[in-house]
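Asker: Sequence and predicted structure, then a few things I'm wondering about:
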Amino acid sequence: MLAIFGGTFDPVHLGHLRMAIEAAEALSARELRFLPCRQPVHRAPTRASAKDRLAMLQLAIQGEPCFRVDRREIERATPSYMIETLTSLRLENPDESITLILGMDAFATLPTWQAWQKIPEWAHLLVLRRAHSPVHITEPLQALLYQRQVDRPAALAATTAGKICYLQTTPLDISSSAVRALLTEGRSARFLLPDSVLDYIQAQQLY
Ligand code: ATP
């Protein structure tokens with residue numbers, strides 16, 4: 001099982017890292033790849049550059065053997081469309097289960113993604129609930145869930161793609177925007193993200 005976790009990671013924080021560990025364990029993934037996007041398609045530009053977001057991720061995953069950073073979206077000249085990313089990952093891993101990990105808020109926006117209905121052809125979806133973010137699951141997503149939902153993450157390993165599962169992970173109410181806001185105000189963000197990442201932010205004077 002290959003697990004993919006996309007995001008802006010501006011900056012990566014302990015909420016991301018904890019959910020990644022719990023998702024990787026629930027999936028028995030051999031590898032979990034953080035996939036920083038170049039510039040998000042559906043939201044404001046990132047504050048930190050692609051290079052800095054990548055460097056922060058590299059620091060954050062040190063010592064966690066099944067974590068990797070995948071640079072393909074950062075290196076692609078065009079905007080980050082998940083369908084293109086999944087197609088290229090599938091070409092490299094034709095016979096392996098691939099699971100895209102999504103926060104609940106990201107899942108709710110799925111029907112606005114490019115070619116979203118084709119996404120389950122290339123990967124499973126593991127949707128992680130997020131603290132304090134009640135989201136509205138619209139009718140097209142409910143129909144998708146009706147066709148494809150399974151109860152347990154372990155069930156995803158039975159096929160290479162096409163299923164959707166929810167997973168409750170330890171709720172950590174941390175967001176990159178809250179971390180950025182603290183730092184912009186000159187306040188401490190310690191214990192919300194790894195010390196190595198915080199040291200990098202200070203050295204590079206980000207946020
Ligand atoms: P921002 O505050 O700038 O919106 P973010 O903290 O949501 O950033 P992203 O890089 O946009 O971070 O998140 C990547 C993915 O991780 C998204 O699917 C998001 O829903 C999920 N996510 C981020 N933080 C948490 C958290 N604390 N708990 C659960 N899911 C999270």
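Answerer: Cool, the structure landed. Numbering: from 1, shown residues only.
Asker: In this structure V197 contacts Q62, no?
Answerer: No - counting by Cβ atoms under 8 Å, Q62 is not a contact partner of V197; they are 10.3 Å apart. C-beta: built from backbone N, CA, C; applies to glycine.
Asker: what does the chain put close to the ligand?
Answerer: With the criterion set to Cβ under 6 Å from any ligand atom, the chain comes near the ligand through 7-10, 15-16, 19, 102-103, 105-106, 128, 130, 172, 174-177.
Asker: quick one: terminal-to-terminal distance for stretch 108-115?
Answerer: 15 Å (Cα to Cα, to the nearest Å).
Asker: Average pLDDT for it, rounded please.
Answerer: Mean per-residue pLDDT for stretch 108-115: 93.
Asker: same thing with stretch 129-144?
Answerer: 82.
Asker: in it, what counts as buried?
Answerer: R129, R130, V135, L141, L144 (16 or more other Cβ atoms under 10 Å).
Asker: Name the residues that touch it?
Answerer: Residues outside stretch 129-144 that contact it (Cβ atoms under 8 Å, 6 or more residues apart in numbering): 103-105, 107-108, 110-111, 117, 120, 145, 164, 166-169, 171-173.
Asker: Emit the ChimeraX select command for whichever of the residues you listed are buried.
Answerer: ChimeraX command restricting these to the buried ones, with burial defined by 16+ other Cβ under 10 Å:
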select :103,104,107,108,110,120,145,164,166,167,169,172
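Asker: Sitting in helices, which of the contacts of stretch 129-144 do you find?
Answerer: M104, D105, F107, A108, P120, L145 (DSSP state H).
Asker: Bridged to the residue of the chain at minimum distance from the ligand, which residues?
Answerer: Relative to the ligand, the nearest point of the chain is G103 (1.8 Å; Cβ to the nearest ligand atom). Taking DSSP bridges, one obtains L128 as the residues bridged to G103.
Asker: so what pLDDT did it get?
Answerer: Model confidence at G103, given as pLDDT, is 90.
Asker: is it true that it touches L128?
Answerer: Yes - with contact defined as Cβ under 8 Å, G103 counts as touching L128 (5.6 Å).
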